Structures are given as C-alpha cells and as structure tokens.
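Novice: Quick one, what's the 3D model for this:
(2 chains)
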Amino acid sequence: EAQVTQNPRYLITVTGKKLTVTCSQNMNHEYMSWYRQDPGLGLRQIYYSMNVEVTDKGDVPEGYKVSRKEKRNFPLILESPSPNQTSLYFCASSLRGTGYGYTFGSGTRLTVV
Amino acid sequence: AQKVTQAQTEISVVEKEDVTLDCVYETRDTTYYLFWYKQPPSGELVFLIRRNSFDEQNEISGRYSWNFQKSTSSFNFTITASQVVDSAVYFCALEYNNNDMRFGAGTRLTVKP
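Specialist: This is a model prediction of the structure:
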C-alpha cells in the first residue's frame, strides 16, 4: 500500500531533550516536506526536500533540522525542544511537478513540557 | 505572495442543513492547483478534491460540491444535507511553483444531530 509512515504517533518529552520524528514513504517520491499544525494557523511548512541531499527552509524552520540521505526517508530533528514546539506534525511526499498534491502521514502529536 | 484565506473559523449547523465553506486564494502563478482536505477528530488529513487552474468546471461528488471561480479567486465547498459524520476541520490549500503548498487556517464544522 502506498503510504507515508510517521513515527511516533504521540510523544511527550521534556524541554531540551533531543528527539527525532521519523518519516518514510514507499512511493519513490522526490519531494518531501514537514508541516506543523497549530490552532488558527493551519499547516505551516517547516522544511522541504526536492530530492536526496537537497533540503530547504519553509516558513517556520527555527528550532528544527532535517536530513535527506535516502530518497524514502526524511526525519525531523528537534535538537533542543521547547514548549512552543508543542504541535501536531505532518510529513508529506509528492511527485515533483505533478500538481497532484501530497500524500500525508498520519501525524505526530508532540508535547514538550 | 501566495495566500489562502478561510474566513470562517467555525461553523455550526444542524443535521440536514446545507453548509458552504469559503476559500479565497492569492497567487501570481498562472498554473496552480487547489485542494480541499478533511481532518476528522482522529487527526489524519483526508484528500477530498483537486482542481487545476485551467479547469473551472464545478464538481459534484455525492453530497459534496465545489465551486471554482477564477474571477473571484474562490474555491468554495458545499455540503448538502449535512450529517454528523461531516464534523471535522476542513482545509483549503493552494499548490504552486512545483510542489510548494500553502494552506488556509481551516474551518471547523460541527454538525449537530
């Protein structure tokens, strides 16, 4: 089944403790992206990647890192999480340039205390 | 600048009422794509419809219909004879520039029995 898999689904952590949210897709998509969703703000893009070893900042990249060493994986790294990073996170992938929109992961609900 | 505006933050209706969710977008691109996604209480994002900028035909799918008007830069979504299961947050989104996607802030629809 074609899908984007995010893990974990839920995570509660403490301020400053490094964490990684994994994202993997099995559709050979070139484009991958991370979004965060906050009430009243919709989904805002954190980082995106057009292909392996090509990443770029979205609208809200501060406090996040990403890497794209393999086509299928696009992990989101929070080196020193803070409470304002408490949010619902979505990973998405897409074929480049097709206009068919994104395939989204199921979301990761992160709470930083 | 690319922008999507969903002016209705929350809408509450009684079952069987018709309801329209508004979406207004801004883009300078001549080729772009518009989407609606549904986010039920479980949190995942469910694709509903995709429209490209060259296709202004309205679309109907069961109780759902979409009205795309380039003259007013709007892509409105109507649910006819709403049901409790339609309760969700609905997002309108604009894809442009080779995979970049911008979301509206979302409209929370509550359908009461």
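Novice: any idea which strand is longest in chain B?
Specialist: In chain B, with assignment by DSSP state E, the single longest strand is strand B:88-96.
Novice: same for that one, what does it pack against?
Specialist: On a contact count with 3 or more CB pairs under 8 Å, 6 or more residues apart in numbering or on different chains; DSSP states H and E, strand B:88-96 meets strand A:42-51, strand B:3-5, strand B:33-39, strand B:74-79, strand B:100-103, strand B:107-112. C-beta coordinates here come from the backbone N, C-alpha and C atoms, glycine included.
Novice: I'd like to know which of those lies nearest to residue A:92.
Specialist: Residue A:92 lies closest to strand B:100-103 among those, at 8.0 Å (CB to CB).
Novice: chain center to that closest one, what's the gap?
Specialist: Once both centres are worked out by CA atoms, centre = their mean, to the nearest Å, strand B:100-103 turns out to sit 13 Å from its chain's centre.
Novice: so what strands line up beside that strand?
Specialist: Strand B:100-103 has these partner strands in its sheet, going by DSSP bridges: strand B:88-96 (antiparallel).
Novice: so what's residue B:46 up against?
Specialist: Under the criterion of CB atoms under 8 Å, 6 or more residues apart in numbering or on different chains, the contact partners of residue B:46 comprise B:37, B:38, B:39, B:40.
Novice: top of the residues you listed by neighbour count?
Specialist: The member of the contacts of residue B:46 surrounded by the most neighbours (other CB atoms under 10 Å in any protein chain shown) is residue B:37, with 23 neighbours in all.
Novice: Name the residues linked to that one by a beta bridge.
Specialist: Using DSSP bridges, the beta-bridge partners of residue B:37 come out as residue B:47, residue B:91.
Novice: contacting residues around it?
Specialist: Taking CB under 8 Å, 6+ apart as the test, what residue B:37 contacts is B:45, B:46, B:47, B:48, B:90, B:91, B:93.
Novice: Quick check: it vs residue B:99, distance?
Specialist: Going from residue B:37 to residue B:99 by CB to CB, to the nearest Å gives 16 Å.
Novice: Over to residue B:14?
Specialist: Look at residue B:14 and residue B:99: by CB to CB, they are 40 Å apart.
Novice: higher neighbour count, the two?
Specialist: For residue B:14 against residue B:99, the residue with the higher neighbour count under other CB under 10 Å is residue B:99, and the figures read 24 against 11.
Novice: I'd say the more buried one and residue A:92 touch.
Specialist: No - the pair residue B:99 / residue A:92 is not scored as a contact, 9.7 Å apart, by CB atoms under 8 Å.
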